[in-house]
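# Need a 3D model of the sequence below.
(one chain, ligands or ions: 1)
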Amino acid sequence: MSVDLKIRDVRKEYGSFAALNGVSLDIRQGELVALLGPSGSGKTTLLRAIAGLETLDGGKILFGDVDASSRSVQDRNVGFVFQHYALFRHMTVFDNIAFGLRVRDKARRPAESAIKAKVLELLELVQLNGLEKRYPSQLSGGQRQRVALARALAIEPQVLLLDEPFGALDAQVRKDLRRWLRQIHQETGHTTVFVTHDQEEALELADRVAVLHKGDLQQIGTPDEIYDNPATPFVYAFIGESSAIPVTVQSGAAALDGAPLPVSGVAAQDGPARFFVRPQDVTVKELNGSSTVAGTVAALRRTGAYRRADIEVGAHRSRIEALLPTNAPISVGDKVGLVFQRYALFPADSAPVTA
Ligand SMILES: Nc1ncnc2c1ncn2[C@@H]1O[C@H](COP(=O)(O)OP(=O)(O)OP(=O)(O)O)[C@@H](O)[C@H]1O
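Next up is the predicted model:
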C-alpha cells in the first residue's frame, strides 16, 4: 500500500560539509516527484535518507503518520531501482523478480504459487513476458532496467525510489522508457520519488519537481510552475534558458545603467538586482521611445527551427538572447527595441545562479 511522505527539516552532514541543509517537502500518496539538481546537490542523499540507508543528523521522515526513524530499511518496505542495474547475474529474470518475496520471513512470505502469479503479472506489466528464463546478460540495458523495476514493485512497496534509473542508457531508449514509466505509474499509482539531473526528463515525467541546489530545496512545483515562475535565481538559470543582466531597483522601478527599464510589477527591494528573461519571452521590434528597451544586434545564429539573436543593451552592453523566426528581417548591427513578455527580478545578493 502506497503512503504519503513528509520530509521535515532533514539534515545530513559529512564531516563539516552539509549534504542536506534542512530540507522539507511533502509528497502525496500516489504522486510522482522528481528530485532535480546538478551533480552534488544532494538528490541521492535525500533518496537514500528516505530509504533508511543514511542516518539523519537532524529532522525526520514520516511514512504516512509513522516516523520512519524508528523503522529499519526492511520495515520501510521501499522499492529501489539504481542507475546501474543491480540484478543478480546468476539468477534468471523470474528469480530476480521473485527475490524480494522469497527472502521474506516465513510468516510474511507468500506461497510459491502466489509468487509465481505475481511475477507473471509483473512481467506482463513491464512487457517482458516470455523472457522469464533469460539471465541478465542476455538482456539489453533497457530490458534490465525493466526487470529491476518489476523486482522493486514485487514487494508492493510503500514508496518507490528510482535513482537515475535510465542514466546509463542511450537517448532513444531513455525516451521510450520515460514514457513507459509514466504509463506504469498511472496504472499502479505508487508514491514515487525519482532522481534525475536531466531537466527534460523531470519536466516530462513528474507530477511535481523538487529542485535542489547545494543541499537546499530551492522550489517544489508542477513542471509549469517551475518553468514559468521560477522562485529563485538558481531555478531561473538552471531550468530552461535565460539571460540575466545587472540592473538597479529604486522605489518599485528598475533601471539599466541609469536608464529606466520599462518593466512593471517590480517587487525586488531597492538596490542592485538581476533581471532574468527567457529567449522566447523577448520580442524584437522597431525602437519605440520609452516603451521598448534599446538594443543592438551583436550576433545571429540559426539553431534548428529558429534564429537566435544576441542583443546588447545598456551602456555596459549586457547581452540578452532572443528567439526569432528564421525569416525575421534582422541583421547584425541593427538598432532594435525589445519588449519582454515574462521576466523576473531578484536582489543581486540572493543565491548564486551558477549550476
Ligand atoms: N559518503 C559520503 N562521504 C562524504 N561526502 C559525501 C558522501 N556521500 C555524498 N557526499 C557528498 O554529498 C554531496 C551530495 O551528494 P549526492 O550524491 O547526494 O549528490 P547528487 O545530487 O545525487 O549528485 P549526482 O547527480 O552527482 O549523483 C556531494 O558533494 C557528495 O560529494
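# Dump the C-alpha coordinates for stretch 28-35 into CSV.
Extracted C-alpha coordinates of stretch 28-35, given in CSV (Å, rounded to 0.1, in the frame of the first residue of the first chain):
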residue,chain,number,x,y,z
ARG,A,28,1.4,13.0,-1.7
GLN,A,29,0.2,9.4,-1.9
GLY,A,30,0.4,8.2,-5.5
GLU,A,31,2.4,11.2,-6.6
LEU,A,32,5.5,11.0,-8.9
VAL,A,33,8.0,13.6,-7.7
ALA,A,34,11.4,14.2,-9.4
LEU,A,35,14.4,15.4,-7.4
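# Other residues contacting it?
2-4, 25, 27, 43, 46-47, 182, 185, 189-196, 201-202, 205-210, 212, 220 (CB atoms under 8 Å, 6 or more residues apart in numbering). Every residue, glycine included, has its C-beta placed from N, CA and C.
# Mind checking which of these land in helices?
Counting by DSSP state H, those place 43, 46-47, 182, 185, 201-202, 205 in helices.
# Let's see if you can find the most crowded of those residues.
In terms of neighbours by other CB atoms under 10 Å, the ones in helices among the contacts of stretch 28-35 top out with Leu46 at 28 neighbours.
# On the pLDDT front, check that one for me.
If you check Leu46, the pLDDT there is 96.
# Kindly report the residues of this protein close to the ligand.
Residues of the chain lying near the ligand by CB under 6 Å from any ligand atom: 14, 19, 37, 39-45, 197.
# was I right about Lys60 contacting Val10?
Yes - with contact defined as CB atoms under 8 Å, Lys60 counts as touching Val10 (7.4 Å).
# Which among the contacts of stretch 28-35 count as buried?
Buried members of the contacts of stretch 28-35, counted by 16 or more other CB atoms under 10 Å: 2-4, 25, 27, 43, 46-47, 185, 190-196, 201-202, 205-210, 212, 220.
# Which of the three states applies to Gly337?
Three-state assignment for Gly337 (DSSP: H, G, I helix; E, B strand; the rest coil): strand.
# Which residues does it form beta bridges with?
Beta-bridge partners recorded for Gly337 (DSSP bridges): Lys285, Ala294.
# Identify the residues contacting it.
Neighbour list for Gly337: 284-288, 291-295 [criterion: CB under 8 Å, 6+ apart].
# Just the buried ones out of those residues, please.
284, 292-295.
# Among those, which one sits closest to Asp65?
Nearest to Asp65, judged by CB to CB, of these is Val293 at 53.6 Å.
# among the residues of the chain next to the ligand, which two are most distant?
The widest separation within the residues of the chain next to the ligand, taken as CB to CB, falls between Tyr14 and His197 and amounts to 19.7 Å.
# Out of the residues of the chain next to the ligand, which end up buried?
Buried members of the residues of the chain next to the ligand, scored by 16+ other CB under 10 Å, are 19, 37, 41-45, 197.
# State the pLDDT value of the residue of the stretch 201-350 of the chain found nearest the ligand.
Among all residues of the stretch 201-350 of the chain, Leu212 sits closest to the ligand, at 6.5 Å; criterion: CB to the nearest ligand atom. Per-residue pLDDT puts Leu212 at 97.
# Run through the bridge partners of it.
Assessed by DSSP bridges, Leu212 has beta-bridge partners Leu217.
# Double-check it against Gly37; I have them as touching.
Yes - Leu212 is within contact range of Gly37, at 3.6 Å (criterion: CB under 8 Å).
# Between the two, which contacts overlap?
Each of Lys43 lies in contact with both Leu212 and Gly37 under the rule CB under 8 Å, 6+ apart.
# how many neighbours does Pro230 have?
Neighbours of Pro230 (other CB under 10 Å): 24.
# Same question for the one 3 residues further on.
Around Pro233 sit 24 other residues, with neighbours defined as other CB under 10 Å.
# same check, this time on Ala98
23.
# quick one: low-confidence parts of the protein?
For the chain, the stretches flagged by pLDDT under 70 are 85, 350-355.
# got the contact list for Ala305?
Residues near Ala305 by CB under 8 Å, 6+ apart: Thr326.
# Then Phe80?
51, 152, 161-163.
# Mind checking which of these land in strands?
Using DSSP state E, the subset of these located in strands is 161-163.
# Farthest from the middle of this protein: give me that residue.
Distance from the C-alpha centroid of the chain, by CA atoms, centre = their mean, peaks at Gly289 (41.3 Å).
# Against Pro262, how distant is that residue?
9 Å (CB to CB, to the nearest Å).
# Likewise for Glu201?
Per CB to CB, Glu201 is found 37 Å from Pro262.
# so who does the residue of the stretch 51-200 of the chain found nearest the ligand touch?
In the stretch 51-200 of the chain, the residue that lies nearest the ligand is His197 (4.8 Å; CB to the nearest ligand atom). If you count contacts by CB under 8 Å, 6+ apart, His197 has them with 36-39, 43, 164.
# from these, which is closest to Arg301?
When these are compared for distance to Arg301 (CB to CB), Pro38 wins out at 26.1 Å.
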